[in-house]
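> build me a model from this:
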Amino acid sequence: PGDKPLEPLKYSKVAMEASVSRREAKGCVLGTTSLLYHCLGKEVSVAFVLRDVGVLLLEGGQAQMRFYPDFLEKMTRQKITGKSSQEKATFKALQQLDLVVSRGVPVAALASFSHVIVFPELQPQPLPQPQPPRGA
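Predicted structure coming up:
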């Protein structure tokens, strides 16, 4: 729809942002998409906790995303206390639509899930800096 061309994922950029090797980044992306595909296809109830974003809930072949308030704040690049009346109203509306979830709420309280997966599984490690060629 919309004739928007698909672009291949740049694994090198993902690896750099996540401070992991390109191979690890590609393996994580492919593994995650494969797992999502399987869960949706088999209608497995699972909660994917995206550590800095929120919780992706898959139930009965349906997906629903719930966002952490601080993630939404980052997206607007302003703190709630400094927002205009319209921005505060928008944030309150998102909360009422069940699109916002507190980090303190147990995932099991959101629905009955047979599996909970926390991302990222890998802890970012600093990549070795390339050494300049000798004699340079």
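> for the chain, longest helix please?
helix 22-42 (DSSP state H).
> which elements pack onto whichever helix or strand comes after that helix?
Proceeding C-terminally, helix 22-42 gives way to strand 46-50 as the next helix or strand, assigned by DSSP states H and E. If you count contacts as 3 or more Cβ pairs under 8 Å, 6 or more residues apart in numbering; DSSP states H and E, strand 46-50 packs onto strand 54-59, strand 115-119. In this view, the C-beta of every residue, glycine as well, is placed from N, C-alpha and C.
> hey, which of these is tucked in deepest?
strand 54-59 (a mean of 19; mean count of other Cβ atoms under 10 Å).
> so what strands line up beside it?
Strand pairing for strand 54-59, determined by DSSP bridges: strand 46-50 (antiparallel), strand 62-67 (antiparallel).
> closest to residue 4 out of those strands?
Closest to residue 4 of these, according to Cβ to Cβ: strand 62-67, at 20.4 Å.
> list the buried ones in the closest one?
Using 16 or more other Cβ atoms under 10 Å as the test for burial, strand 62-67 gives 66-67.
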